[in-house]
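> sequence plus the predicted model coming up.
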Amino acid sequence: MAKIPRDVIDEVRNSVDIVDVIGRYVQLKKAGKSFTGLCPFHDEQTPSFSVNQEKQYYHCFGCGRSGNVFQFLMDYQHIGFVEAVAAVAKDAGITLPDQYTNTGSEQSSATPVNSETGQLLNLHEKAAQLYHHLLVNTPAGEAGLRYLTKRGTSRELIDQFQLGFAPDKEILKAYCDQQKIDYQILRKSGLFVEDQEGKLHDRFRGRVIYPIKNRRGQVIAFSGRLLNTADTDLPKYLNSPETPIFNKRRTLFNFDVARKAVRQDGKLYLFEGFMDVISAFGAGVQSGIASMGTSFTEEQVSIIRRIAPQLNICYDGDSAGQNAIDRAIKLVEGQQTGNMQVRVVQLPAGIDPDEYVQQYGPEKFRNYLASQEETTVDFYLRFLRNGHNLKNQSELINYLDQVLKVIARVSAPLEQDMYLGKLAEEFSLDKAALMSQLTQLRSQLGIKTSTPGQNYQRQASQQRVPATAQQPSVKVSRTELAEQMLLYYMLHSQEAWAHVTAEDGFHFVHEKYQTLYLLAASYFTEHGDYSVADFLNYLGEDELRTTLSQVEQLNVNPAIQMAVIDDCMRIIMHQTPLADQIGQVKKELNEASALNNNELVMQLTVKLVNLLKKQQQYKAEETN
């Protein structure tokens, strides 16, 4: 495979906005000239991940990860450079010639097709294609097609979600034998069941097949819905077991599509089942997801909160659905460290989203979702009534105690006041008495009480001062700060570059800045203008990328002032040769002593003392 030319790489990189690309994976918020969010490369509660839109690079002050749009995709998706370029090109609508994208060279994906992961992904894609073909093109799939059509699933939706059918016979195993796929890969794929003799048999038989994809849209598992559920003890739904490429706790159905769609209105819809997601998609709600037939997990919450400003939990309206909503809310709020809002959209009892779409149509479904959003507190005001006879005074008191514990965790005083007003009006209670009870509960729960005035001042302060990525307080020496500033100006100004390089024997004190300086010299011989994103791509080591990102984060006056350049050079040049000078004088002093040249010894001693005094002076300045 031919190496991708530099001009092609530049064209692809410049065709997208790094904020748009990273924003699909990380929930970013505008903060001054940059965008900030929770770092996707390490766990944190305070955002330290910064994306610079102007210079098209990212940097995390927490873990030090830095780079341009290609580096982000390489680190986030664990892919190679060529695959990252190809992904960005595809996003930008740029077609790369085949000679640059064929696998097999150093630039290829981090998971080449001949690796175990690559082979498993390839096998799952072939299986998905086979199941889909059987469903839509063969008599063997007619039963599955009738089932889906009866449920209102259009051919467009069948193709969109690559739905398939597995007949009640050994179809996939025979296909894999024909393709001569490695036996160990088949065993690890989860697509087969192994008998006592070591023979493999199709896991999915007589089932409608729902492909499960990772965040990149690659098939990693399947879920099968049994068609004939009568006179059988087989499970109605059967999922792939966990494999090297499938972790059900970290996987969400349709997440690859929903994470892009959520950018339209900032809302992600959590449904109970795959068909709910598919029906909602057909009704125009593309940001729907579902967990993997098991309880909602902490890992899934962590994935969601990185990309979604708001999560709408949309489960069935029956008792089981309400209990599931309760569990989901508690899980999300227990994991909540960001600013993601949680809302509930509860459908009428006895109907799920799929059935609602079939009965009332897409437009009414969309309107229902938009008009029936409620806060989690509103949900609990209703949910906690279950099992209580509110006409009984004792049970009413118990209900109010439970509800007030929920309201106690509401931080906004006006919102608290609104809920207390509802309770006071419905049950003919004294609102002041409810407030007194609430204050006691907040004290017992260790929740600080803020007055409306304090809350306003806090919000006003937050609006006046934009949030920025959390930057650790790292104290650098006077010399290193001069090095950072000088390097910044040299990279951004040809005049500054020429001024510094005209100084014979100039070099930086610290090796990392000297290395960047030398690499920049090489970079400028190949490129006309300086681009942070391009230079980050030019650098081969993560440590150097981090150092460059730290330099670019400096809050310096963009206007070049030669007096500042000279000051930086003076600090660096005075500090740099000082140790060398002291070493040289000491060497000469030893030689003079060996020759018994007392006059020279005296002169060199005075010179050494003066140099040592100057060194101490610089050290004193460094600490001030």
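In hand now; what should we look at?
> can we go C-alpha only for contacts and neighbour counts from here?
OK.
> and the end-to-end length of stretch 54-65?
Start-to-end span of stretch 54-65 (C-alpha to C-alpha, to the nearest Å) is 18 Å.
> flag every buried residue along it.
Using 16 or more other C-alpha atoms under 10 Å as the burial criterion, the residues of stretch 54-65 that qualify are Gln56, Tyr57, Tyr58, His59, Cys60, Phe61, Gly62, Gly64, Arg65.
> chain neighbours aside, what residue packs nearest to Asn254?
Closest residue to Asn254 apart from its sequence neighbours, by C-alpha to C-alpha, 6 or more residues apart in numbering: Ile289 at 5.4 Å.
> please enumerate the strands of the stretch 401-550 of the chain.
Ranges of strands in the stretch 401-550 of the chain, per DSSP state E, counting those that start in this stretch: none exist.
> re earlier: among the buried residues of stretch 54-65, find the lowest-pLDDT one for me.
Among those, Gly64 carries the lowest pLDDT, at 78.
> one step back: so what's the residue nearest to Asn254 up against?
Leu252, Phe253, Asn254, Phe255, Ala258, Leu268, Tyr269, Leu270, Phe271, Phe274, Val277 (C-alpha atoms under 8 Å, 6 or more residues apart in numbering).
> widest-spaced pair of those residues?
Leu268 and Phe274 (14.9 Å; C-alpha to C-alpha).
> and those two? Which one has more around it.
The neighbour comparison of Leu268 against Phe274 (other C-alpha atoms under 10 Å) goes to Leu268, with 27 against 22.
> and the more buried one, bridged to which residues?
Leu311 (DSSP bridges).
> contact partners for it?
Going by C-alpha under 8 Å, 6+ apart, Leu268 touches Ala258, Val262, Ser287, Gly288, Ile289, Ala308, Gln310, Leu311, Asn312.
> ok, now with 6 Å
By C-alpha atoms under 6 Å, 6 or more residues apart in numbering, the contact set of Leu268 is Val262, Ser287, Leu311.
> so which of those residues wins on neighbours?
Counting neighbours by other C-alpha under 10 Å, Ser287 leads these with 25 neighbours.
> pLDDT weak spots in the stretch 451-600 of the chain?
For the stretch 451-600 of the chain, the stretches with pLDDT under 70 are 451-475, 505, 525-528, 575-580.
> now swap in the stretch 301-450 of the chain and tell me
Ranges of the stretch 301-450 of the chain meeting pLDDT under 70: 335-339, 448-450.
> for it, just list every one of the helices.
319-335, 353-360, 362-371, 376-383, 393-407, 413-427, 431-444 (DSSP state H, counting those that start in this stretch).
> name the nearest of the contacts of Leu268 relative to Leu163.
Using C-alpha to C-alpha, these come closest to Leu163 at Ser287, 18.5 Å.
> list the contacts of the closest one.
Counting by C-alpha under 6 Å, 6+ apart, Ser287 makes contact with Ala258, Ala261, Val262, Leu268.
> quick check, pLDDT for the closest residue to it other than its chain neighbours.
Nearest residue to Ser287 in three dimensions, chain neighbours excluded: Ala258, at 4.0 Å (C-alpha to C-alpha, 6+ apart). pLDDT for Ala258: 91.
> Ala258: neighbour count?
Neighbours of Ala258 (other C-alpha under 10 Å): 25.
> phi and psi next, for Asn386.
The phi and psi values for Asn386, taken as degrees, to the nearest 10, are phi -60, psi 130.
> state the distance from it to Gln322.
Using C-alpha to C-alpha, one obtains 10 Å as the distance from Asn386 to Gln322.
> between the two, who's got more neighbours?
Gln322 (20 against 12).
> using a markdown table, lay out the contacts of Leu268 together with distance to Ala174.
Converted to a markdown table, the contacts of Leu268 look like this (distance: C-alpha to C-alpha, whole Å):
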| residue | distance to Ala174 |
| --- | --- |
| Val262 | 41 |
| Ser287 | 37 |
| Leu311 | 43 |
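> just the helices from the stretch 51-200 of the chain, written as ranges.
Under DSSP H, counting those that start in this stretch, the stretch 51-200 of the chain gives helices at 69-77, 81-92, 98-101, 116-137, 142-150, 155-160, 172-179, 183-189.
> now do the fifth one and helix 116-137, the angle between them.
Taking axes from the mean of the first three to the mean of the last three C-alpha atoms, to 10 degrees, one finds helix 142-150 and helix 116-137 inclined to each other by 80 degrees.
> chain center to helix 142-150: distance?
Relative to its parent chain, helix 142-150 has a centroid offset of 38 Å by C-alpha atoms, centre = their mean, to the nearest Å.
> for it, list the C-alpha coordinates in PDB.
What follows is helix 142-150, C-alpha atoms only, in PDB (Å, rounded to 0.1, in the frame of the first residue of the first chain):
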ATOM      1  CA  GLU A 142     -40.200 -15.800   4.800                       C
ATOM      2  CA  ALA A 143     -41.400 -16.600   8.300                       C
ATOM      3  CA  GLY A 144     -39.100 -14.000   9.700                       C
ATOM      4  CA  LEU A 145     -40.100 -11.400   7.100                       C
ATOM      5  CA  ARG A 146     -43.800 -12.000   7.900                       C
ATOM      6  CA  TYR A 147     -43.100 -11.500  11.600                       C
ATOM      7  CA  LEU A 148     -41.300  -8.200  11.000                       C
ATOM      8  CA  THR A 149     -43.900  -7.000   8.500                       C
ATOM      9  CA  LYS A 150     -46.700  -7.800  10.900                       C
END
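> in it, what counts as buried?
For helix 142-150, the buried set under the neighbour-count rule, 16+ other C-alpha under 10 Å, comprises Glu142, Ala143, Gly144, Leu145, Leu148.
> got a list of what the first one touches?
Going back to what we said before, that points to Glu142. Shown in contact with Glu142 (C-alpha under 6 Å, 6+ apart): no residues.
> hmm, back to that, what helix or strand is the residue nearest to Ser287 on?
Under the criterion of DSSP states H and E, Ala258 resides in helix 255-265.
> who's in contact with that helix?
Applying C-alpha under 6 Å, 6+ apart, the external contacts of helix 255-265 come out as Arg24, Arg215, Arg216, Gly217, Leu268, Gln286, Ser287, Gly288, Ile289.
> how about the second one, what does it touch?
Right, the one you point to is Arg215. For Arg215, the contacting residues are Phe255, Asp256, by C-alpha under 6 Å, 6+ apart.
> against Leu252, how distant is it?
Per C-alpha to C-alpha, Arg215 is found 9 Å from Leu252.
> one more: the fifth one?
Distance check for Leu268 against Leu252: by C-alpha to C-alpha, it reads 12 Å.
> quick one: which of the helices of the stretch 51-200 of the chain is nearest Met340?
With C-alpha to C-alpha, the closest approach to Met340 among the helices of the stretch 51-200 of the chain belongs to helix 69-77: 21.6 Å.
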